[in-house]
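*Asks:* Please work out how this folds:
(chains A, B, C and D)
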There are 4 protein chains.
Amino acid sequence: MILILTPNIDPESEVYEHLMAHLSRLQNIRLSVHRVQGTEQALTEIHLIGNTAAVSLEEMRSLPGVERAVRVSEEYRVIGRHRGDGRPAHFDYQGVRFGQDTLNVFAGLCAVDTRENVETMMRALHTQGQVCTRMGAYKPRTSTYSFQGHGRACLPYVFELAGKYGIKIIAMEVTHESHIDEIREALRQTGNPTGVMLQIGTRNTQNFEMLKKVGRQQEFPVLLKRGFGITLDESLHAAEYLASEGNHKIIFGLRGIKTNLGDPHRNFVDFAHVSVVKRLTLMPVCVDPSHAVGSRTSGPEGILDLMHTTAQGVISGANMILVDFHPKPDEALVDGPQALLLKELPYFLEDVRVAREAYLKRKALAERYQSTAKAEDDLCLQAAELA
Amino acid sequence: MILILTPNIDPESEVYEHLMAHLSRLQNIRLSVHRVQGTEQALTEIHLIGNTAAVSLEEMRSLPGVERAVRVSEEYRVIGRHRGDGRPAHFDYQGVRFGQDTLNVFAGLCAVDTRENVETMMRALHTQGQVCTRMGAYKPRTSTYSFQGHGRACLPYVFELAGKYGIKIIAMEVTHESHIDEIREALRQTGNPTGVMLQIGTRNTQNFEMLKKVGRQQEFPVLLKRGFGITLDESLHAAEYLASEGNHKIIFGLRGIKTNLGDPHRNFVDFAHVSVVKRLTLMPVCVDPSHAVGSRTSGPEGILDLMHTTAQGVISGANMILVDFHPKPDEALVDGPQALLLKELPYFLEDVRVAREAYLKRKALAERYQSTAKAEDDLCLQAAELA
Amino acid sequence: MILILTPNIDPESEVYEHLMAHLSRLQNIRLSVHRVQGTEQALTEIHLIGNTAAVSLEEMRSLPGVERAVRVSEEYRVIGRHRGDGRPAHFDYQGVRFGQDTLNVFAGLCAVDTRENVETMMRALHTQGQVCTRMGAYKPRTSTYSFQGHGRACLPYVFELAGKYGIKIIAMEVTHESHIDEIREALRQTGNPTGVMLQIGTRNTQNFEMLKKVGRQQEFPVLLKRGFGITLDESLHAAEYLASEGNHKIIFGLRGIKTNLGDPHRNFVDFAHVSVVKRLTLMPVCVDPSHAVGSRTSGPEGILDLMHTTAQGVISGANMILVDFHPKPDEALVDGPQALLLKELPYFLEDVRVAREAYLKRKALAERYQSTAKAEDDLCLQAAELA
Amino acid sequence: MILILTPNIDPESEVYEHLMAHLSRLQNIRLSVHRVQGTEQALTEIHLIGNTAAVSLEEMRSLPGVERAVRVSEEYRVIGRHRGDGRPAHFDYQGVRFGQDTLNVFAGLCAVDTRENVETMMRALHTQGQVCTRMGAYKPRTSTYSFQGHGRACLPYVFELAGKYGIKIIAMEVTHESHIDEIREALRQTGNPTGVMLQIGTRNTQNFEMLKKVGRQQEFPVLLKRGFGITLDESLHAAEYLASEGNHKIIFGLRGIKTNLGDPHRNFVDFAHVSVVKRLTLMPVCVDPSHAVGSRTSGPEGILDLMHTTAQGVISGANMILVDFHPKPDEALVDGPQALLLKELPYFLEDVRVAREAYLKRKALAERYQSTAKAEDDLCLQAAELA
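*Replies:* Predicted coordinates for the structure are as follows:
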């Protein structure tokens, strides 16, 4: 059970103390307090864990200081979308809003290679009015003998260039808890010119120890990729590891499933799960067409599969796009063949806009039909009552 | 190698006879002649099979009566899209065009149960201006003890009602060659009030003997569904079984892949393959959201996953939608839980239109960027030549 | 519910007529009669289908002419192993017994190519005392342009040679119902020198129309292969299609699952399901190492993976082995690379014997421990009673 | 390229110094030195990394101090079995030998729960003459709300009890690098009464950062489990991460693949890959029937699937068995339903012995046939020479 307290409640206040005293007397119930400092208000949640079946929802709702009480399913306790759930499905970071109702594009380099390429990329993004990017410093590679990324060494210039070109957030994969400190330190040294979204890749989706570490910090939001070969349910449980440790700024990433049934695509594109994740949880959903498709093949209209699948994600409500670009794909050290060309960036963004508009139209259409259906139902009810 | 002859060439003409005589003298080459009678012209193709490496493309092109000659890959010889391929990617049936550039909706009953439900469905389609539907008479079921469809018994009233409501084409699964005769006979008896598209289901994708039989008739077009658990490549090879027997009116159907990684959907939605099939072959592509998704779950906007996935197929260029509706889903004998409600039909069609418009916009966008890119390339070339 | 009647009951007898009259008065119950003529006795089963919950098991058991009554689960009604099931898990054909307690090897040619190779193969089998073989006349091939088998043309000499070398049963795939007639006719013409086990391949596991046709004849036993990409449960339901039509002489074949996770093997070897199929059903279980493994790779001891996996099947109780051999694998028209060499036949059989002995030892061991465990339990009970 | 130096070569010796000086002058070649201190001798390998194509194998073999030189494929450089590879396929730890030719059973608790259960288990093992066990202290669980193991708290009593009952090695999963230190420290505090084999679970197979840390220590051998949903090739590349850091004491574990096609088993049993891993690499191979099968179902002979699959692994040459037992499965905190009962231990071990004997007989059989085949070939050659 989750108790959402009145906004900005003061932990030193009498109301709060009484409430906690009362709750602590509940039998077989453990308490866990989560505070999220938003831009405008501080939100406090108290999670009741244990034998909550014996706890009355009505009683909880009547307690001073409690604004709402929600009985949650055992599954996805924190990230889950529960009946009567009024908790927000969005968060803010660096002045950018990430929600189940927004769309943000993170175009950038799969792997940082040279300072020149980073700058070229960021300049292009800036020209297009983009404030987010992706830049891989730590690269997990199947073979220990492959290029593993420049790591901490490249962070200072990546962050400086971000600042120079107005990039507010860089999505960046971490493969070890120590990378968080390295990123924090490099940001500090360069004067915090940008923000970072920590990305957890598909090979580490069930690296629970790292998830706990990443979940314990609340400075950086997290993009958690779906795991290889595990069910969607298991990947969502992994997100709960992050959330239960306190970090609720989580975006869930779809990137395709490994199986030869998806051939000739590199992975089996799974963007039909966009609406599923949004129904089951409060997390915004990201799609990664580059890793899902893995090549620059195109349909007979000359539209890349990469762009077709992006449009598929967006028209069904995806909230974030993670996509590889490269100034010189032939020279890219990682995944060059799947990168879009820099000159394709304006076209890509325009294509995305078409799909997003279609999504918004579809949403408006759904609302119109829902209200009509409701009106009809009401009419039927009235008629029935009159009869 | 495929020789496309001059349109309307007369098999009795001297040119044709000379050509055939010449070709029959080629060493180690077997000839196979395919004639397609379109609405406006008759197209004749001669397939050269065997050691075509020794045959000169130029020589073939220079032969009187030959309009075009195309060297085809071993794979997908007939259905494939080959370099320099000018063969059409569309066909006409019952006055309806099916092509890689069109979109047709086949909404209807997964399984015919009662005459009343068939009529209710068709009346609704007629009201919405629809001329195609799906109606299952022969149902392949996992268990031998489940309802197996009404079979031939229901055909007469299904066809009569189709005629009554202006339905021109009914997609109908066949699970045995004898069903083709039953359908042809019932159409004849009822005065051919409608047309039928033979549907081959996922359990019979590699039932090669039936494919050959279905391919040998050219009266009915064929919708071939992708096979369970086989690669896309293998399913496309199955389509070649139809085509090599002479029937080129084939639509390829995507309906999801069986694996628990697609949960909670019934199947793993595979509509990212729409553009892949269109690139590799000349077949129009159908999506079947009902069997792919298999339930009426919806995202937080209240839009059904069924409609989200339909939109995904359409925005990437799908050419046909096969979708289950039912007047009373609770009473449906097969797959009721995945059926759309009859009152949702106008909404569904409107939602499809939004996605189709987005696709057309994306296509126009692609053309604009391609012509710009070409113009730039030309400019560069000119500059280079001047220099 | 299944009623097993007293053996050799005469359908003309008064007992039988009274019984049928009684049963036909049961409300909402449909009857289906199955008669199996064994070498020594005729077994008659009456299947009660419909609302059997309302039928008393005790009453049924007390009816004259009824030897046993078994309440069956909805699933696998006929093939299933039900509580209190005393029905046999074996059958005889051509003097050879096929049961959950026997082991028969079917070594032979994947595809018949030349008369010479057929004779060489059969002579080798004869020398090794083998009376069963595999010989493919009808080959379903992924590509319509691949060799599709010699079909009916080769049947006469295949059957004659079988007779010459004392081969009693040939496992032979059929891909269309007409093949049964062709086989029956060729056997008749050659004087029935041998028997045939009809094999249904993985592409046709859910070709229900063919299953029904094959199930309606009781002359030939059937080897049903597990389907590609469908669950084991679904494949077992397919076997029920055969059985519900009357043919209970069914062997279930494991041949690996199509997925890249089984690489470098051609398919993912699924022989761990041997004991599962034997637990759930009464069918003997066949393993097909050739198609599962698909190559002649071997472990560091120099033992082929083919033989390792065969041993795995056998040590866990497999009842039949279907395995490809070829006198000249390089010249084989189908699947040459996975064939064993003729000179390896004695070695293969000896290796199988080692695994079979180990299985029998394990079975004896299990019986010893079970009786010990029972004795201990009895002792405990006695002690408890004394106390 | 790998240079294997003369055993016990002294790094301070002149020969060694000359060798290193010579090697360091090779163009575009990086050197990596690996020393393994065995019970009887120290083995030194020098890995040449980079443009080895330009290095002469003959020249390397002729260098003083070099006993053997092996050109390795890019893949599986260290763990791979290369042409002309004379490197050992075994190692020793705590006086126990682990090789591609041995078999060790690790029966024990999936998760440590109480001291009493640990002691009961170890006493039973001791009675049966077993010196290895499995004991899970750190448990990675799908849900963050499930029991996560007692962690470091239980280590002291687990190690003490191991010492008391003569257990020499405990296989123990680690999910974070810090666990290695905790284990080392607990062993030190309790006087090193036993040894530990670090186990890396399927969720961390591609947790490369942890693999590097585990690979950098050479005190504890490592059992690396195959990863979920990735190919065998990718899992073997993960093993290379361990090996390239210096730890060559690696055992590769098969534990089934996650897919519904393996139902009703928990995972799809993959023990057909035992011989594949042994062919491709020098690693001994472990099978984990408990996690693969996941239940106590049994075949009609009353033999558990767990034991059938164990026998399948062993008869094809498995070198280690990891298997769950529990004194009171009903009370087990993790995976109780798949545990064997303590009273089944003697039976299990006897069943394993039957399968192992069969494997050894098969191996002898293979050797006999190989030498016969060789003799025949020699005879043919002689005959040909005489002719």
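
*Asks:* Confirm that A:I4 sits in a helix.
*Replies:* No: when DSSP: H, G, I helix; E, B strand; the rest coil is applied, A:I4 is found to be strand, with no helix at that position.

*Asks:* check contacts around A:M135.
*Replies:* For A:M135, the contacting residues are A:G108, A:L109, A:V112, A:V118, A:V158, A:I170, A:A171, A:M172, taking Cβ atoms under 8 Å, 6 or more residues apart in numbering or on different chains as the criterion. (Glycine included, C-beta is placed from N, CA and C.)

*Asks:* quick one, phi psi at it?
*Replies:* The phi and psi values for A:M135, taken as degrees, to the nearest 10, are phi -150, psi 110.

*Asks:* is it in a bridge, and if so with what?
*Replies:* Using DSSP bridges, the beta-bridge partners of A:M135 come out as A:L109.

*Asks:* repeat for A:C286
*Replies:* Under DSSP bridges, the beta-bridge partners of A:C286 are A:G253, A:M320.

*Asks:* shouldn't it be in contact with A:A318?
*Replies:* Yes: shown here, A:C286 and A:A318 form a contact pair, counting by Cβ atoms under 8 Å, at 6.9 Å.

*Asks:* related to what we said a few turns ago, out of the contacts of A:M135, which sit inside helices?
*Replies:* If you go by DSSP state H, the contacts of A:M135 have A:V118, A:V158 in helices.

*Asks:* Out of the contacts of A:M135, flag the one nearest to B:V323.
*Replies:* Proximity of the contacts of A:M135 to B:V323, judged by Cβ to Cβ, is greatest for A:A171, which lies at 36.9 Å.

*Asks:* Tell me who's in contact with that closest one.
*Replies:* Residues touching A:A171, when contacts are defined by Cβ under 8 Å, 6+ apart, comprise A:F106, A:G108, A:C132, A:T133, A:R134, A:M135, A:V196, A:M197, A:Q199, A:L223, A:L322.

*Asks:* And the closest residue to A:G227 other than its chain neighbours, how far from C:K361?
*Replies:* Taking Cβ to Cβ, 6 or more residues apart in numbering or on different chains, and ignoring the residues beside it in sequence, A:G227 has A:T205 as its nearest neighbour in space, at 3.2 Å. Separation of A:T205 from C:K361 (Cβ to Cβ, to the nearest Å): 45 Å.

*Asks:* out of the two, which sits in the more crowded spot?
*Replies:* Shown here are A:T205 and C:K361; by other Cβ atoms under 10 Å in any protein chain shown, A:T205 has more neighbours (26 against 18).

*Asks:* The helix of greatest length in chain A near chain B at all?
*Replies:* Criterion DSSP H: the longest helix present in chain A is helix A:345-386. Yes: under the criterion of Cβ under 8 Å from any Cβ of the partner chain, helix A:345-386 makes contact with chain B via A:347, A:350-351, A:354-355, A:357-358, A:361-363, A:365-367, A:369-370, A:373.

*Asks:* Just the buried residues of those.
*Replies:* Using 16 or more other Cβ atoms under 10 Å in any protein chain shown as the burial test, the residues of helix A:345-386 next to chain B include A:Y347, A:D351, A:V354, A:A355, A:E357, A:A358, A:K361, A:R362, A:K363, A:L365, A:A366, A:Y369 as buried.

*Asks:* which residues are in contact with stretch A:5-19?
*Replies:* A:Q41, A:A42, A:L43, A:T44, A:E45, A:I46, A:L63, A:P64, A:G65, A:V66, A:E67.

*Asks:* biggest separation within those residues, which pair?
*Replies:* The largest distance within the contacts of stretch A:5-19, taken as Cβ to Cβ, falls between A:Q41 and A:L63 and amounts to 20.0 Å.

*Asks:* more crowded one of the two?
*Replies:* When neighbours are counted by other Cβ under 10 Å, A:Q41 and A:L63 differ, and A:L63 comes out ahead with 15 against 11.

*Asks:* How many residues are close by the residue lying closest to the more buried one once chain neighbours are set aside?
*Replies:* The shortest distance from A:L63 to any non-neighbouring residue, by Cβ to Cβ, 6+ apart, is to A:L19 (5.9 Å). A:L19 is surrounded by 20 other residues when neighbours are defined as other Cβ under 10 Å.

*Asks:* so where does A:L19 fall, helix or strand?
*Replies:* Under DSSP states H and E, the secondary-structure element containing A:L19 is helix A:14-24.

*Asks:* moving C-terminal of that helix, what's the next helix or strand?
*Replies:* Sequence-wise, the next helix or strand beyond helix A:14-24 is strand A:29-37, with elements assigned using DSSP H and E.

*Asks:* other SSEs contacting that next one?
*Replies:* Here strand A:29-37 touches helix A:14-24, strand A:42-50, going by 3 or more Cβ pairs under 8 Å, 6 or more residues apart in numbering or on different chains; DSSP states H and E.

*Asks:* and the stretch 151-300 of chain A, which residues reach chain C?
*Replies:* When proximity is defined by Cβ under 8 Å from any Cβ, the stretch 151-300 of chain A lies next to chain C at A:T259, A:N260, A:L261.

*Asks:* Surely the last one is in a strand?
*Replies:* Translated: A:L261. No: A:L261: not assigned to a strand; according to three-state DSSP it is helix.

*Asks:* where's it relative to C:V274, distance?
*Replies:* The gap separating A:L261 from C:V274 is 26 Å, by Cβ to Cβ.

*Asks:* Of the two, which one has the most company?
*Replies:* Set side by side, A:L261 and C:V274 give different neighbour counts by other Cβ under 10 Å, the larger being at C:V274 (27 against 24).

*Asks:* Need the three-state assignment for the more buried one.
*Replies:* Under the three-state scheme (three-state DSSP), the conformation of C:V274 reads as helix.

*Asks:* Thanks again, I'm all set now.
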